[in-house]
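Student: sequence plus the predicted model coming up.
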Amino acid sequence: MNSSTRFKLSFMMFLEFFIWGAWFVTLGTFLANNLKATGSESATVFSTQSWGAIIAPFIIGLIADRYFNAEKILGILHLAGAFLMYQMYQATDVSVFYPYVLVYMILYMPTLALVNSVSFNQMKDPEKEFSNIRVFGTIGWIIAGLSISFLFHWDSAENIQAGMLKNTFLLAGIASAVLGLFSFALPATPPKAVKGEKVKVGELLGLDALKLLKDKNFAIFFISAILICIPLAFYYQNAGLFLATIGVDNPTGKMAIGQISEAAFLLLIPVFFKRYGFKKTILVGMLAWAVRYVLFAYGNAGDLAFMLLLGIALHGICYDFFFVSGQIYTNSKAGDRYKSSAQGLITLATYGVGMLIGFEVAGMITDTYKTGDSVQWQMVWLIPAGIAAVVFLLFAVLFNDKKEKEIPATI
């Protein structure tokens, strides 16, 4: 890969995740303070991510894979996203905001697959080259968070009260417009599928990989993956709002510690796989969810602030050791015939069904423990900690890893 192509792909990844990190981390705080949303209303807004994940395979499978170059679709989707971001920036009510964020997420979620397609198309050895490109996405997310906290200070207590968080949508919109225009300068990525070839809905959603559920261990993992997304949704929906509400300084910037952790622990997965096997690796990930929420429940912005920072730093173990390990496990179980379908099925189950249930539960729990403008955060965090602990125990007892220890530890 020449230096020009490497730069283009790296800049593409940087902007792709800068856009997401620029508004999604502070969304819960924005909804509660700017739009006065209830927990249930916030859950409805956050669930747009799940609907986007469910609909994304149709956009990729029916359009990108068959009719148009991936980089051109990427450009069009991000230009449309820039317009929608501006509409979200101007919204003053949840009922006005919701349609725009719903359409935006339906358009944005497919771009996550498109940037991968554009990248892979330029690589001779993706296993060695992709991580060096993808890391710029993590850097983009981190830079977005640091900018909001330490450059613009939009998440300071006084600026939150002044309604400045809406500027995050303007920032994301500008970045989306830049990426939209830049996408047309990316290397050409023509459609792979043969025109006129019949499309099977089951293949698009990964439903043909349901045959894998006949394997008891895979079925247990599949159900556990859906269930663990319930506590995951609590983090996405409430963490930013929680930190801002209890008075943590520069909460968005400090949440970027989670992405730094994610990048670091990604490198440790092969070591854990080789030494401890799949079951123990994924159990560590599950346990980390329970521990992190206990830390959130009993930490504070004062002398126990280190507990909150430690909870944020656990994000790398929480995400990588469960979700990335799960993707590797799924790939090993699927075989050549069902590799793509199996990954599509897991994505649909987790970011689609699992997160959809999770956001609904998180919104209901938040409303249950909210009195006026005050939230009993300890209970809001102890409940998902309990859910994660139950999933941990069920997986530990029911999953038999005697035949799973030969999973290749490659990413």
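Tutor: Structure received.

Student: count of neighbours near the residue lying closest to residue 236 once chain neighbours are set aside?
Tutor: Closest residue in space to residue 236, ignoring its immediate chain neighbours: residue 46 at 6.3 Å, by Cβ to Cβ, 6 or more residues apart in numbering. Heads up, the C-betas are built off the backbone N, CA and C, glycines and all. Residue 46 has 26 neighbours, counted by other Cβ atoms under 10 Å.

Student: do residue 304 as well
Tutor: Using other Cβ under 10 Å, the number of residues around residue 304 comes to 11.

Student: over to the one 3 residues further on?
Tutor: The number of residues packed near residue 307 is 17, by other Cβ under 10 Å.

Student: surely it and residue 301 touch.
Tutor: No - the criterion here is Cβ atoms under 8 Å, and residue 307 misses it with residue 301 at 10.5 Å.

Student: hang on, the earlier thing: residues contacting the residue nearest to residue 236?
Tutor: Shown in contact with residue 46 (Cβ atoms under 8 Å, 6 or more residues apart in numbering): 27-28, 233, 236-237, 359, 362-363.

Student: how about 7 Å then?
Tutor: 236-237, 359 (Cβ atoms under 7 Å, 6 or more residues apart in numbering).

Student: what's the separation between it and residue 102?
Tutor: Counting by Cβ to Cβ, to the nearest Å, the separation of residue 46 from residue 102 is 11 Å.

Student: mind checking pLDDT for residue 208?
Tutor: If you check residue 208, the pLDDT there is 64.

Student: cool, residue 276 as well?
Tutor: Per-residue confidence (pLDDT) for residue 276: 86.

Student: how close does it get to residue 284?
Tutor: Residue 276 sits 8 Å away from residue 284, going by Cβ to Cβ.

Student: surely residue 163 touches residue 34?
Tutor: Yes - using Cβ atoms under 7 Å, residue 163 is in contact with residue 34, at 5.4 Å.

Student: dump the residue contacts of the closest residue to residue 173 other than its chain neighbours.
Tutor: Excluding its sequence neighbours, the residue lying closest to residue 173 (Cβ to Cβ, 6+ apart) is residue 85, at 3.2 Å. Taking Cβ under 7 Å, 6+ apart, we find residue 85 in contact with 104, 169, 172-173, 176.

Student: could you do residue 103 as well?
Tutor: Residues in contact with residue 103 (Cβ under 7 Å, 6+ apart) are residue 84.

Student: the residue nearest to residue 173 sits in which helix or strand?
Tutor: According to DSSP states H and E, residue 85 maps onto helix 70-90.

Student: any buried residues in the helix or strand following that helix, and which?
Tutor: Where DSSP H and E defines the elements, the next helix or strand beyond helix 70-90 is helix 94-120. For helix 94-120, the buried set under the neighbour-count rule, 16 or more other Cβ atoms under 10 Å, comprises 94, 97-98, 100-119.

Student: make a markdown table from the contacts of residue 46 and add pLDDT and distance to residue 181 to it.
Tutor: Shown next, in a markdown table, are the contacts of residue 46 (pLDDT from 0 to 100; distance: Cβ to Cβ, whole Å):
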| residue | pLDDT | distance to residue 181 |
| --- | --- | --- |
| 236 | 92 | 29 |
| 237 | 93 | 32 |
| 359 | 94 | 33 |
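
Student: so which of those is the closest to residue 213?
Tutor: Here the nearest of the contacts of residue 46 to residue 213, counting by Cβ to Cβ, is residue 359; it sits at 24.7 Å.

Student: how much space is there between residue 157 and residue 302?
Tutor: Residue 157 is 15 Å from residue 302, by Cβ to Cβ.

Student: repeat that for residue 112.
Tutor: Taking Cβ to Cβ, one finds residue 112 at 38 Å from residue 302.

Student: need the distance between the two termini of stretch 264-274.
Tutor: 18 Å (Cα to Cα, to the nearest Å).

Student: sorry, slip of the keys, the one I care about is stretch 318-333.
Tutor: For stretch 318-333, the end-to-end distance is 22 Å (Cα to Cα).

Student: just stretch 38-53 next, same as before
Tutor: End-to-end distance for stretch 38-53, by Cα to Cα: 24 Å.

Student: do stretch 117-124 as well
Tutor: 13 Å.

Student: residues contacting residue 15?
Tutor: 140, 175, 178-179.

Student: between the strand or helix carrying it and helix 70-90, how many degrees?
Tutor: Assigned by DSSP H and E, residue 15 falls within helix 3-23. Interaxial angle, helix 3-23 versus helix 70-90 (axes from the mean of the first three to the mean of the last three Cα atoms, to 10 degrees): 30 degrees.

Student: now helix 3-23: buried residues?
Tutor: Residues of helix 3-23 classed as buried: 8-23 (neighbour count, 16+ other Cβ under 10 Å).

Student: show me what secondary structure element comes after it.
Tutor: Sequence order places helix 27-33 as the next helix or strand after helix 3-23, per DSSP H and E.

Student: who touches that next one?
Tutor: Helix 27-33 is contacted by residues 37, 42, 45, 155, 160, 165-166, 237-238, 240-241, 244 when judged by Cβ under 7 Å, 6+ apart.

Student: the same query, at a cut-off of 8 Å, please.
Tutor: With contact meaning Cβ under 8 Å, 6+ apart, helix 27-33 is reached by 23, 37, 41-42, 45-46, 94, 97, 155, 160-161, 163, 165-166, 168, 236-241, 244-245, 251.

Student: try stretch 259-270
Tutor: Outside stretch 259-270, the residues touching it (Cβ under 8 Å, 6+ apart) are 21, 131, 135, 138, 141-142, 145, 281, 312-317, 319-321, 324-325, 328, 409-411.

Student: how far does that stretch sit from the chain's center?
Tutor: 15 Å (Cα atoms, centre = their mean, to the nearest Å).

Student: mean confidence for it?
Tutor: 84.

Student: cool, and stretch 119-135?
Tutor: Per-residue pLDDT values over stretch 119-135 give a mean of 81.

Student: chain center to it: distance?
Tutor: That offset, for stretch 119-135, works out to 20 Å (Cα atoms, centre = their mean).

Student: what's the end-to-end length of it?
Tutor: Criterion Cα to Cα; first-to-last residue distance in stretch 119-135 is 13 Å.

Student: which of the residues in that stretch are buried?
Tutor: 119, 121-123, 129-130, 133-134.

Student: touching that stretch from outside, list them.
Tutor: For stretch 119-135, the external contacting residues (Cβ under 8 Å, 6+ apart) are 1, 5-6, 9-10, 12-13, 70, 116, 187, 189, 263, 266, 410-411.
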